[in-house]
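In: from the sequence below, what's the structure:
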Amino acid sequence: MRPPRPSLLLTLLLGLAPAAAAQDTTPTTAPTAPTEASPPSTEPAEPAPAAPAETVPAPAPTPAPSANESEPRRPRAPTAGPQLEGKRDGVPDCRVGAAACIANEHFALWPRLRLRAGYDLVQPDSQVLTVGQNDGFFLDQNRIGVDGVYKDDLRFRLIIDVVSLLPARSPNDPVQPFGAAVRDAWVAWMPSDWFYLSAGQQFMPADLEGTTTIAALPFTRRSVATSGVRPGHGFAVDGLSPARQPSIVIGSTENARLGNIALQYMLGVGNGNGQNILGNDNKLPAAYARVGGGYVDDGGTEVRLGVGGRYNPRTVGTLPNLFQETETVAFVDLDVKIQGIQLAAQAMYKDVAFDTLVPDFAGESGLGATAWLTVDKPFGVDIFGLRPAYRFSYFDPSSSFADDQLLENTLALRWDVPAEGLPLSLIVDGTLLTEFGEGVRDLDNARLSAILQLEL
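Out: Numbering: from 1, shown residues only. Got it, this is the predicted structure:
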């Protein structure tokens with residue numbers, strides 16, 4: 001057994017929230033954060049000019065809250081499919097909050113930009129040299145692209161990220177090169193709120209946190225159950241949420257409602273072997289589904305429940321040594337927003353059958369559970385423009401090992417710069433990550449992270 005862990009970093013983490021709150025006392029207006037899990041949102045801004053295409057500035061005033069968004073510049077999560085706000089008269093509108101827009105009576109095009117730069121401070125482990133020894137500045141995302149709409153029903157998006165990680169020397173190597181790669185590249189036909197069809201590289205129907213744009217979260221990263229552990233923070237492991245992939249998705253938009261009752265369905269078929277990969281791993285596609293419903297009113301109250309999963313018959317290994325596996329994942333999530341307070345929770349279960357290696361073996365399973373609480377202007381009170389949040393996440397990657405469970409506690413504080421039209425945010429959080437087991441898996445790896453985010 002190890003001696004008790006040093007308490008210095010823990011003291012810094014638990015003292016983070018009150019220290020930041022004492023420094024920042026200016027009311028804020030949140031920046032635009034479009035949901036990357038779905039096709040773009042087009043809300044009425046001002047009538048598109050009938051003259052030939054020209055660059056026009058975005059409207060200055062912050063739009064009033066809509067029935068589906070108590071704070072329009074902070075999208076709810078997840079947004080299930082394309083957004084079709086406003087009149088459907090065949091005249092496209094530019095996205096509210098766009099820095100610039102090229103538009104005429106049939107066509108609108110506006111730029112997208114996201115830059116997330118930060119610093120990691122990780123408690124060094126005395127025995128594992130890949131954990132906590134490579135603190136420093138990092139680029140988390142550096143994305144640029146365009147959103148577009150043609151005659152209101154045809155939407156498209158192209159986003160490129162120049163901070164895409166390239167293969168490292170080993171899975172746990174904390175120093176990795178990066179290069180440019182496509183993130184979103186899709187086209188969608190959306191004749192109504194109750195039906196859309198999109199094709200290209202996109203997010204798949206999945207769990208609540210996995211389909212929430214990271215730019216809208218009050219945390220610097222998604223939870224360990226959703227996205228796993230990155231090299232340098234502990235022993236690297238993948239989470240349970242699927243990545244983007246070439247696919248076809250049909251579904252309803254977030255605005256599909258019968259009065260105050262919100263309904264949702266999303267069905268997708270994809271390659272199942274990840275993003276930026278040409279070709280499937282075999283002849284069989286992976287299937288994804290999400291259905292849900294809830295209550296939404298004009299006062300900003302939302303209660304939504306979602307269930308779904310995926311089925312992926314996959315091929316692993318390298319030629320000529322190929323093996324067949326079948327992965328099945330199920331999830332359930334709940335999202336409650338009342339009077340500026342959000343409480344969300346989700347659970348995911350994974351089962352993997354080794355069809356080639358051990359066909360008679362029951363296989364292995366994984367389990368993840370996450371819950372978070374976010375406070376944003378509770379009961380209409382602006383707490384100095386700050387958004388405190390707490391998150392708990394449990395993850396057991398594989399039932400085949402008795403000492404690989406992970407327990408994560410994160411305390412975060414987000415501050416959105418209050419200057420009008422300046423979509424700049426500072427997010428700081430502290431995380432205690434406990435890796436169960438004795439000896440080499442019992443790590444000292446608590447961390448403090450900060451990210452400065454620009455989202456256009």
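In: now Gly118: closest residue in space, sequence neighbours ignored.
Out: Nearest non-adjacent residue to Gly118, counting by CB to CB, 6 or more residues apart in numbering: Ile451, 3.7 Å away. (Each C-beta comes from the backbone N, C-alpha and C, glycine too.)
In: count of neighbours near the one you found?
Out: Using other CB atoms under 10 Å, Ile451 is surrounded by 23 other residues.
In: list the contacts of it.
Out: Listed by CB atoms under 8 Å, 6 or more residues apart in numbering, the contact set of Ile451 reads Arg116, Ala117, Gly118, Asp140, Thr220, Leu426, Ile427, Val428.
In: count the residues that sit near the second one.
Out: Think Ala117. Ala117 has 16 neighbouring residues, counting by other CB under 10 Å.
In: which SSE is it in?
Out: Under the criterion of DSSP states H and E, Ala117 resides in strand 107-122.
In: relative to the whole chain's centre, how far out is that strand?
Out: 13 Å (CA atoms, centre = their mean, to the nearest Å).
In: which stretches of the stretch 151-300 of the chain form helices?
Out: For the stretch 151-300 of the chain, the helices defined by DSSP state H, counting those that start in this stretch occupy 224-227.
In: so, low pLDDT: which residues of it?
Out: For the stretch 151-300 of the chain, applying pLDDT under 70 flags the ranges 168-169.
In: can you give me the strands in it?
Out: With strands called from DSSP state E, counting those that start in this stretch, the stretch 151-300 of the chain shows them at 154-165, 178-192, 195-202, 245-251, 257-258, 261-270, 286-296.
In: okay, now the sheet partners of the first one, with direction.
Out: What it means is strand 154-165. strand 136-150 (antiparallel), strand 178-192 (antiparallel) (DSSP bridges).
In: what's near enough to touch Asp173?
Out: By CB under 8 Å, 6+ apart, Asp173 lies in contact with Thr130, Pro231.
In: quick revisit: from the contacts of Ile451, pick the one nearest Glu420.
Out: Proximity of the contacts of Ile451 to Glu420 (CB to CB) peaks at Leu426, which lies at 17.4 Å.
In: and the helix or strand that closest one falls within with strand 107-122, angle?
Out: If you go by DSSP H and E, Leu426 is part of strand 424-435. In terms of direction (axes from the mean of the first three to the mean of the last three CA atoms, to 10 degrees), strand 424-435 departs from strand 107-122 by 50 degrees.
In: tell me the mean pLDDT over strand 424-435?
Out: What strand 424-435 shows for mean pLDDT is 94.
In: tell me what that strand is packed against?
Out: If you count contacts as 3 or more CB pairs under 8 Å, 6 or more residues apart in numbering; DSSP states H and E, strand 424-435 packs onto helix 8-14, helix 16-23, strand 406-416, strand 447-455.
In: how about low-confidence regions in the stretch 1-150 of the chain?
Out: The stretch 1-150 of the chain contains residues with pLDDT under 70 at 1-91, 96-97.
In: picking that back up, buried sites along the strand holding Ala117?
Out: Buried residues in strand 107-122, counted by 16 or more other CB atoms under 10 Å: Ala108, Leu109, Trp110, Arg112, Arg114, Leu115, Arg116, Ala117, Gly118, Asp120, Val122.
In: measure the fifth one to Ser126 for me?
Out: The span separating Arg114 from Ser126 equals 37 Å under the rule CB to CB, to the nearest Å.
In: just the third one next, same as before
Out: Remark: distance between Trp110 and Ser126 (CB to CB) = 51 Å.
In: could I get the strands of the stretch 151-300 of the chain as JSON lines with mean neighbour count?
Out: Formatted as JSON lines, those follow (neighbours: other CB atoms under 10 Å):
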{"stretch": "strand 154-165", "mean neighbour count": "18"}
{"stretch": "strand 178-192", "mean neighbour count": "17"}
{"stretch": "strand 195-202", "mean neighbour count": "20"}
{"stretch": "strand 245-251", "mean neighbour count": "21"}
{"stretch": "strand 257-258", "mean neighbour count": "14"}
{"stretch": "strand 261-270", "mean neighbour count": "20"}
{"stretch": "strand 286-296", "mean neighbour count": "20"}
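In: what's the closest of these to Arg314?
Out: With CB to CB as the criterion, Arg314 lies closest to strand 286-296 of those, at 7.4 Å.
In: got the angle for that closest one vs strand 245-251?
Out: Using the same axes, to 10 degrees: strand 286-296 against strand 245-251 is 40 degrees.
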